[in-house]
Each structure stands twice: as C-alpha cells, then as structure tokens.
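Participant: Prediction below, plus the sequence it came from.
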Amino acid sequence: MMAMKTKSLLLTFAVALSGCTGGSDQVSSMTTQFTELSSIVLSQRKQAELPEVNRALLDSLSLASLEITVENRDALAYLIPAGRRNDPFHGPLTIWRTGDNAQVAISSGVIVATKGLGDDLQGSDMRGTVQAVRGRDARNRNGALTVVTSAEGAKTIALNCVSQRPERKTIEIVELTYQVDHLRERCVIDRDQTVVNEYWVGVRDRIVWQSRQWVGPGIGYVRTRFLKKL
Amino acid sequence: MTSKIQTVVLAGVSCAAVGAVTAVAMAQGRTHTDKPVVVTSAPTLNFYGVPGLIDLPSGEALPSGQLALGVSHFGGQTRSSVTFQFSKRISGTFRYIGIRNWNSEGFDTYRDRSFDFRFLLAEEGRYLPAVTVGLQDLAGTGIYAAEYIAATKNFSRPFQLPGEVKLTAGLGWGRLGTLGDIGSLSGGTRPVFNPTDTGGEPATDQWFRGPVSPFAGIEWQINDRFGLKAEYSTDAYTPETSRGVFDRDSRLNFGAEYQLNQRLRLGAYWLYGSEFGINFQYQLNPKNPVTPFTNPAPAQIAPRPDRAVNPAAYDTAWSTAQSAPIAVRDAIAPELLAQGIRLESVSVSATRAEARVSSIRYHNLAIVTGRTARALARHLPASVETFDIVLVNNGLALSNVTLSRSDLETLEFRPHASDTLLSRAEISDATPGADHGAAVVTANYPRFSYSIGPYVRPSYFDPDSPVRADAGLSLAADFRAAPGWKIAGELRYRLAGNIENSDRLSNSVLPRVRTDAILYARESDLTLEELYVSKQWKPSQNTYARLTGGYLEQMYGGVSAELLWKPVNNRLALGVEVNYARQRDFDQKFGFQDYDVFTGHASAYYDIGNGYFGQVDVGRYLAGDLGATFTVERQFSNGFRVGGFFTLTDVSSADFGEGSFDKGIMFTVPLDWLIGRPSTQSVSSLIRPIQRDGGARLSVPDRLYEQVRSGHAEDLTADWGRVWE
C-alpha cells in the first residue's frame, strides 16, 4: 500500500512538472505555482546553439544585422531591425530586436534604450555622445541614463563625460576590415565611479561599426558589432 | 552562465540560410576563472539569528527590508530564527528552539518559541558607533529573556591589517547579566524563568531589571569571504548547565566564518570552553529578486503623422460609425490577449477611448496600463488623443488611468520617461460599468480553468515533531459565468503525510474552532477543500461588495457578505464583513457538525506610505469571542510582503492556553520575484507560533481589500517605472 502511495506521489509530481494547468485563467493553487517554477527550471536547461556566423551567411541575409554581447551575463545575440522612427528627442532611431523580442534602440550607433533584457535602460539623454560620434568632436558633455531596477524602480543616473582624442585604427568584423576612428569617452557617474564608452567609427561612412557602451548598473557593458548594413 | 537573451535572425533570411540561421543564441564560451568578489556589507548574524558576534548581539542593524534566516547548533541546542528588518531602525525576530537532554518538567527535549525586538538608537558615524537596544525573548516563557544595549564601531584596515574590524561592547540584563555583573541599575528584581509558563504576554515586569553585565567582542573580516570572531560572554547558561545540558567552562567564545555567496554564510565555533558549534546564516533582501525581472519588449508605439502635414489623418468622421468600437475591439483584443491582458470592453469617441482590461499574466498593473496604451495607440485613428484605461479585476473596476497619446509618442526612450508620464497621468475612480455603446468582448464569458497537481499542507511546532506535513494530489478549478461571478472548488487526495500521527489533541476550554486540525487530518484522504460561489460588484464609484456562499475553507462552510469603501487616491479604506459559519465534518465532505456562529468584523485599512500598511479588524471571532486584530505590513514595490499581526479578545490568557493570545507573521513572495518572468501567482505563508481557538477568524476566499488595493494609486505607482515594459 505504501509503495503504491509512493508511486502515486511521484506520478503526482511528474504531472505537475509537465504543467497540468489549463483554461483561460490561472487557477490560484499550489499546483499552478509548482508548474510555473518547474517550467522556468526546465526552460533554463534548454540551450539553443548559436549559428556559425560568416560573411557568406551574412551576405545571404536581406536585412541588416547587429551583434550584441552583454558582458556581465556572457550573453550574445544577433539582432535585426524592427523599426525606425524619427524621434523628436533623439533624432533618427533604429529599434533592433532579438528572436525572443528583446530590443535595443540605437541612435547613430549609440544605445539609447533597451527592453526585455532585465534591469533595462528605459531611456536616456545621449545626444552629446551622438553628436560626438557623428562629428568626431571631443567636447565635454553631460548625459543621463534612466534605468529600471527591481531594487530601486526607475532611477536616473547623471553622466559627466570627457572625450579623448580619437585614434585611427583598422578593425575586422567577420572577414571584413574597416578603417575607423577609435573614440573613447570617460564618464563620471558617481563621485568615485567612472565608466568608459568606446566607439569605432568608420572613417568614410561615419557608421559605428563596433562599440562598447555602459548602459546601467544592471546590464553593465554591452558590446556591439555591426555585422551587416543594407 | 546561462544567457538571458535569446536571439534569432529571422526575417529576411534567404531560404537557403534559414536552416543555418534560425537559431538561437546561447552563452558563448567565455569563462571566468576568478571567483567573483562577494559583497558582505550586511552585518553578520549571531547564534540567535540577529546581528551580532557569536552568542552576543551587536549594535548594528541589518539593511532596511533585509530578511535573515539563521540556524545554529551547539551544546545540544538548536535555534532556528527569522529576522526581518522592518524599517531602518526596527527589526523583529521569531525563533524556534530545541534543547536536548533537558530531562525535567516532563520534557526530554525542551522546545520553545520566542520573539525579539531591536531598535537602532544611533547609526554609526565617523567617530561614534552604531547603538542598538534589544529585547530578547520579550514575550515567551523567558528561557532566552535578555535585554541589552550594544554599540559597534567599524574600523577599516586598522594597524595596516587587511580587511575590516568591528568592535562591539554592551550592557546586558537577564541572561546577559548572569555573569560578571556590576550591580543592578534599576534596582528591581527579576522573575525566575518558568519552563511550564504559558508565555505569550510581554514580560514588562522583567525588562531591564536585575543584574547588568558588560560584554564585548571583536569581529575581523579578513577579506570578502573569511571572517574571525571572538567574544566575552556574560551568559551563565544556568537553566541549561543546571540540568546537565552542557558544561560551561569558559566565558570566551571563538569562531571562523566563510561567506559562500552573496546570501549564504557558514560558521564554525568553539563555545564556552567545551562545545563545538555551527551557524548557518542566510540573508536576502526582497528589493533584490532571485532572478531579475525580464519581460519581452512590447509592441512599438507608432507616432501619428504631423497634423499640419497630414490633416486628413485627423478626420473624425470614423467615430460616427456604429461599428467603430467593434472594429477597435476586434483589432486590439487579440493583440492584448497574446500579451496576457484581457480586454473587457472598449468605447471610443472622436478624441477619447476607454479600454477596460484585466490582467492574466502580470501582477504589476503599470505594465498592463502601458501595454494597453500601446495597443490603443497602434490601432486608433489619429484624432483620438486621450486614453482611459480602466483596470478591472474579476468584475471590479479598480481605477481609471488617463494618459495622453502625445505623451506616449514623445516620452518613450527619454530620461525620466516614467516619472514624467506619471506626473501627466491622472488616476481616478472608475465607473462601475462600461459606457453605453461600448463594445464588450463577449468571448470572455463563460470561461473555465483548472489545475491538477501536487499540494503540500505543512504543520509547524508540534513539540514531538516540529515540522509535519501532508502531501497529495489536488484538483482545483474555477468557472466564471459572467463578470464578477465565480464558482471555484478544490478536491484533495492525500497520498502521504504525518499530521494525523500527532497525539496532541485539543485541550482547549473554548469551542474547538481551530484546534481539531489533527482530527481533520485523520478522518479522510479524499477531501473537499473548498467549493463556493461568489459574486462581487461595485455598488458605486468607490464602494465594492462581495457575497460568497458554500464550503469556504477546510473547516467551515457558510455565507459571507462584505462591503468596502476605498476611493482610489485615498490612503484610508473602511470595510465590514458579516459571516454565518458552520463547522464542517472532520471528513471534509459535504456534512456539517453542530457548531455554528455568526462572525464578522469592521475593518480599517490605512496606507501609511513608503510601502507600510496598517489594518485593524474589530469584531466577533469563530469561538464567539469579541476583540480586535492589529496588523502591520511592509510591501516592497515588486510585491514581496512581510507582516505581522496579533489579536486581543475577551478570552483570558488562561482560557486561551499556551501563547496567551493569537499572533503570527506572514510572508508573500510573488512568483515573478523568484522566476524573473511575469506571473500573477504568489506564494504566501502564515506562521503562527501556536494555533489556539481564541481570536480565530474565518478564512474567506477573495476578500476585497487585497483585490482592490492592487489597482489603486499606491500599488499602481509603486513600480510605475515598468509602465514602458
């Protein structure tokens, strides 16, 4: 009898792990909680593989492509444009998205917002940096990042940035080389904390082919590589 | 490390490349060979689970909101404690202990519960230490009763040593004044500990009475992980040593601790010259979820064309068509449903639209508001400038959030976007029903939901077995025939458990309204946990009503009626609930016992601000006793809640029995705090030191205040930053 009960118990938990809930609402029950918890555990075990990116593959795409890496999460993603808008504040904006609909809003190669990454950059004032990238000028400027964290809600961080003189370099991105100006800006975000943003801007086309940008305390540094333009 | 973002290059991929590229990102092979630095900014815990050294308290407080769990063992004594730093200065601790080899007063192992209270008198300054006054075991039998004033000062790299050193010194009364005393400051005498006392009442006659002893200790945090402790204890451990629990040979204690990760710290110690001890410390802060909340990005807002450039786009002729709201409804209902938001109805005019929505997926209604606004902005003609988003919960229109479409179009991606949007939004009382002419989503009703899976019913603090539980299979379902109507039930089949094995049957002199739990556990494996029908509605703009009838909970069936007054922007809410309840048969099928009672309460709820809430319920309880329940609670913006309550009624301490009066602490953990994904589910736990029959309330499903508060200004704006997510 006891053995039968034990088997039944195991069966019960197996049922829960397979997610035995249904209908158009979530019934508020312990089962629903178990099911949601188990689903997250199971989904974390599933790891899909990255495609092998090479120039031939990129050439076959009919859309532009951007690679981003969130450094402190070891997370890499390839994005495609999801929309463009002429924003009255930021100017021309491109919204890039991943397959599971995380988004990054970029103005002239400068990240101005993220969505769906967790602890996101809700909005920003990076107009000074955008100007610097466009014109390669090296003036001092102020900026602001509004981030949303679970601990503090929406919080705005002031940036006080100083650009360094750009250096001419050559970089390679998936089998193609670009001659770029390497821009570095050092930004004080607190009295004793400094972050450094870097942009590799094409000499001829003024495209930010590669960058490393700090987008808030939660996400930290994001590296971008512009894999393909149209 | 697992990647948090998954990726795909989808659209525009040539057919040949689809196979290769329709794939998804994962973490790349970067590896970290160095262990990350562990931040141990929170004070460490002592053997009582409060900030301190080894067996002594310190003068520091935990960070506000911190939740600390401690399990320690030495000399046959195990202490399990949970401490909550309710505010910057106030903390409370609940502790359950077991002392083996007690062998007196009829106990082989002596088990007891105790509460502590600590108040931070002064924060640490450049030259001055942090100072805390504490009451230990302030209302129990007094086994651990002590009072203290402790001061702690931190020193960074003293004498060129690495790390941080903190020095603690203090004065102790009670237990902490039983060795090396310097006399009695108050001059009073102190009652002797009585293991057979029912306890429970604040022992004001002993606080800061009797001999007082100075104590001291040092903690050296060598680096981010290793720490050493040493202390001079003034606790004679008289009750324990006199009963041979352990031998006490020294006043000095030593220990070493290791911070395993941000939350977990382990320690090993040599105590009182004779005993080896261990301490497990686990600290978390509800402000920092286990998994950061991640939500797929919402649909983009499409800005309208400039009116000067394209005036035709702003033509309002469309609004005169009778089919206009229907077209809008048909466009946005599926889009919202795919995002876990149920559109109840929509009404439109040339310049204004109202959407009534309820949440299926999000407990954060700011997200629901933002996504509904996006859907409206994506589908409504350009002439509609104002959106009224009415948040609805099971037939109750909770609040009306009015947003300007222009703000949505212009503020996104700007700094301070959520604060600016909130400053321009209006949160007002919602009318009970939709406008005439609104397009109602008729497909919402009737609907049915179910879950089949495991359940666990725990039972705590039986002296013979402190943790007992039953587990089995649960079938829960609900049926919603129309707005506000709900028929719900749950069947349980117990597969295993040991609650029925307890032989501690009720000895209550009151009607046994709660203390027959063991009989309920023994009678049947198949039980009807609940089966009821309820109807809730809004009689007016800021009143809410509910009627519920059926098998309301495990032990009672009956009928319940509730009325709540709660204006959307008012911190105060008032409610009244009247119930007729009849005790169910122990087999928890359809029958009833003879006991029945009219019970009910008048309630006042007050939002104190900054996430603190207070509640007073005055009325008649299940045993027929009259009294009041006082509740305070802290709710974090992410929905994590910690609170405590006590109930005083006209039942005497003697008639109430062990514990003297009803009290407890409760936790609510939103599931999205744990899993980092949207969810409306939460896990709640109510811990009572002891369940007796006095001050016992009927458990009624879906009481109104919690439902209503979630959609009112304070809760809605607490995590408003996510409105753009």
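Facilitator: Thanks, I have it. Residues are numbered from 1 along each chain as shown, chains lettered A, B, ... in the order given.

Participant: Number of residues surrounding B:Pro289?
Facilitator: 24 (other CB atoms under 10 Å in any protein chain shown). (Glycine included, C-beta is placed from N, CA and C.)

Participant: what's B:Arg504 sitting at in phi/psi?
Facilitator: phi -90, psi 80 (degrees, to the nearest 10).

Participant: Now for the nearest residue to it once chain neighbours are set aside: which residues touch it?
Facilitator: Closest residue in space to B:Arg504, ignoring its immediate chain neighbours: B:Asp462 at 6.0 Å, by CB to CB, 6 or more residues apart in numbering or on different chains. B:Asp462 is in contact with B:468, B:502, B:504, counting by CB atoms under 8 Å, 6 or more residues apart in numbering or on different chains.

Participant: who wins for neighbours among these?
Facilitator: Neighbour-wise, the contacts of B:Asp462 (other CB under 10 Å) top out at B:Arg468, 20 neighbours.

Participant: is that one in a bridge, and if so with what?
Facilitator: Beta bridges link B:Arg468 to B:Ser459 when assigned by DSSP bridges.

Participant: residues contacting it?
Facilitator: Residues in contact with B:Arg468 (CB under 8 Å, 6+ apart) are B:458-460, B:462, B:497-499, B:501-502.

Participant: which among those residues gets closest to chain A?
Facilitator: B:Gly497 (9.9 Å; CB to the nearest CB).

Participant: And the residue nearest to B:Arg504, how far from B:Leu505?
Facilitator: Using CB to CB, to the nearest Å, B:Asp462 is found at 11 Å from B:Leu505.

Participant: Make sure B:Phe107 is actually in contact with B:Pro195.
Facilitator: Yes - between B:Phe107 and B:Pro195 there is a contact under CB atoms under 8 Å: 7.2 Å.

Participant: can you pull out the strands in the stretch 301-450 of chain B?
Facilitator: B:341-348, B:352-359, B:386-393, B:396-404, B:426-428, B:439-440, B:447-462 (DSSP state E, counting those that start in this stretch).

Participant: and the second one, is it in reach of chain A?
Facilitator: No - Strand B:352-359 lies apart from chain A when judged by CB under 8 Å from any CB of the partner chain; the minimum separation is 9.5 Å.

Participant: pLDDT on that strand, on average?
Facilitator: In this model, strand B:352-359 has an average pLDDT of 97.

Participant: Quick one: check the longest strand seen in chain A for contact with chain B.
Facilitator: Using DSSP state E to define each element, chain A has its longest strand at strand A:176-190. No - shown here: strand A:176-190 not in contact with chain B (CB under 8 Å from any CB), separated by at least 13.4 Å.

Participant: ok, that strand: who's next to it in the sheet?
Facilitator: By DSSP bridges, strand A:176-190 pairs with strand A:153-163 (antiparallel), strand A:167-173 (antiparallel), strand A:193-202 (antiparallel).

Participant: Now the longest one: buried residues?
Facilitator: If I follow you right, that is strand A:153-163. A:153-157, A:159, A:161, A:163 (16 or more other CB atoms under 10 Å in any protein chain shown).

Participant: Please work out the average pLDDT along it.
Facilitator: 91.

Participant: CA atoms only: put it into CSV for me.
Facilitator: Extracted as CSV, the C-alpha positions of strand A:153-163 are listed here (Å, rounded to 0.1, in the frame of the first residue of the first chain):
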residue,chain,number,x,y,z
GLY,A,153,12.5,51.2,-9.7
ALA,A,154,13.2,53.9,-12.2
LYS,A,155,16.3,55.7,-11.4
THR,A,156,18.2,58.3,-13.4
ILE,A,157,22.0,58.4,-13.4
ALA,A,158,23.8,61.6,-14.5
LEU,A,159,26.8,61.2,-16.8
ASN,A,160,29.6,63.7,-17.0
CYS,A,161,31.7,62.7,-19.9
VAL,A,162,35.0,63.8,-21.4
SER,A,163,36.1,62.5,-24.8
